[in-house]
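Asks: Kindly return the folded structure for what I paste below:
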Amino acid sequence: MAEEEDYMSDSFINVQDDIRPGLPMLRQIREARRKEEKRQEANLKNRQKSIKEEEQERRDTGLKNALGCENKGFALLQKMGYKSGQALGKSGDGIVEPIPLNVKTAGKSGIGHETLLKRKAEEKLESYRRKIHMKSQAEERAAEQFRIRLKNKQDEMKLEGDLRRSQRACQQLDAQKVLEKLQILTSYLREEHLYCIWCGTAYEDKEDLSSNCPGPTSADHD
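Replies: Numbering: from 1, shown residues only. Now for the predicted structure:
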C-alpha cells in the first residue's frame with residue numbers, strides 16, 4: 001500500500017499554483033475554443049482550395065472532350081454535312097481543331113476595366129497638369145506683384161530724394177533772399193540814417209561812420 005501524502009508538507013503546498021474555484025475549468029474552455037477556431041479556419045481554407053481545384057478540373061475536362069451530338073451547334077454542323085475530324089471550309093482547307101480557349105483565372109477585371117483605368121489615368125494626368133498650370137500662374141502673379149512693389153518702392157525713394165533736394169534748394173534760396181533783404185536794409189540804414197545795426201550806433205556824418213564803423217557786414221564786426 002502506497003504511503004499517504006502529507007498534506008501539510010512543502011512538496012504538496014508548492015504544487016498547488018492556483019486553487020481559485022472554477023479557474024482550471026475556464027482555462028480548459030478557452031483552450032478548447034481556440035483549438036476549435038483554428039480547426040474551423042483550416043477547414044475553410046482547405047474547402048476554398050478544393051473548390052478552386054474542382055473548378056479547374058471540370059474546366060480542363062470540358063475543354064479536352066470533343067463536342068457530341070447533344071450539342072446543338074455540333075448537331076447543326078452535322079446536318080450541313082460536317083463530319084467529326086473534318087477541316088472546315090468548302091474546300092476543306094480550314095482549321096480542324098477548335099480555337100484554343102485561354103481562360104484567365106487571375107487578374108479578372110471585367111469588360112471595360114482597362115478603359116476605366118485609362119480614363120482615370122488621363123483624368124489624373126489632366127488634374128496634375130491643371131495643378132502645375134495653377135502653380136505656374138500663382139508664381140507669375142507673385143513675381144509680378146513683387147516687381148510692382150519694388151517699382152513703387154523705387155518711385156517712393158526717388159520722390160523722397162527729390163523732396164529733400166527741393167527742401168535744400170528752398171532753404172538756400174530763402175537764405176539768399178534773407179541775406180539780400182538784410183543787405184538792402186543795412187545799406188538803407190547806413191545811407192539814410194548813418195546807423196549800423198552791429199555797432200548799435202547812429203553816427204553824426206558819413207566821415208564819422210566810415211572812421212568808427214568796421215564795415216557794412218556782420219563779418220566785419222567779428
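
Asks: which secondary structure element contains E31?
Replies: Assigned by DSSP states H and E, E31 falls within helix 23-64.

Asks: That helix: what's the following helix or strand?
Replies: Taking DSSP H and E, what comes next after helix 23-64 is helix 72-79.

Asks: now for that following helix, which elements pack on it?
Replies: Judged by 3 or more CB pairs under 8 Å, 6 or more residues apart in numbering; DSSP states H and E, helix 72-79 is in contact with no other helix or strand. Glycine gets a C-beta too; all of them are placed from N, C-alpha and C.

Asks: I'd like the mean pLDDT over it, please.
Replies: Helix 72-79 shows a mean pLDDT of 76.

Asks: buried set for it?
Replies: For helix 72-79, the neighbour count (16 or more other CB atoms under 10 Å) marks L77 as buried.

Asks: residue ranges for the helices of this structure, please.
Replies: 10-15, 23-64, 72-79, 113-193, 206-212 (DSSP state H).

Asks: and these as a markdown table, adding distance to G94?
Replies: A markdown table is the format used below for those (distance: least, CB to CB, whole Å):
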| stretch | distance to G94 |
| --- | --- |
| helix 10-15 | 87 |
| helix 23-64 | 20 |
| helix 72-79 | 12 |
| helix 113-193 | 32 |
| helix 206-212 | 146 |
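
Asks: mean pLDDT lowest for which of those?
Replies: Across the helices of the chain, helix 10-15 gives the lowest mean pLDDT, at a mean of 47.

Asks: Looking at the helices of the chain, which is nearest to S218?
Replies: With CB to CB as the measure, helix 113-193 is the member of the helices of the chain nearest S218 (8.6 Å).

Asks: And W198, its phi and psi?
Replies: Here is the backbone geometry of W198 (degrees, to the nearest 10): phi -80, psi -30.

Asks: unless I'm mixing things up, it is touching S218, no?
Replies: Yes: if you go by CB atoms under 8 Å, W198 and S218 touch, sitting 5.9 Å apart.

Asks: who has more neighbours, the two?
Replies: Neighbour comparison, W198 and S218: the larger count goes to W198, with 16 against 11 (by other CB atoms under 10 Å).

Asks: contacting residues around the more buried one?
Replies: P214, S218, D220, H221 (CB atoms under 8 Å, 6 or more residues apart in numbering).

Asks: what's the third one in contact with, if anything?
Replies: The reference is to D220. W198, P214.

Asks: measure it to W198 for me?
Replies: 8 Å (CB to CB, to the nearest Å).

Asks: again with E180
Replies: With distances taken as CB to CB, E180 is found 18 Å from W198.

Asks: now N152
Replies: 53 Å.

Asks: How about I95?
Replies: 135 Å.

Asks: How many residues are close by L209?
Replies: Neighbours around L209, by other CB under 10 Å: 19.

Asks: Skipping its backbone neighbours, what lies nearest it in space?
Replies: Y203 (4.1 Å; CB to CB, 6 or more residues apart in numbering).

Asks: count of residues packed around that neighbour?
Replies: With other CB under 10 Å as criterion, Y203 counts 18.

Asks: next one: the one 4 residues further on
Replies: Here the number of neighbours of E207 (other CB under 10 Å) works out to 9.

Asks: Check the gap between it and C213 for me.
Replies: Taken as CB to CB, the span from E207 to C213 is 11 Å.

Asks: what does D220 give?
Replies: Taking CB to CB as the measure, D220 falls 8 Å from C213.
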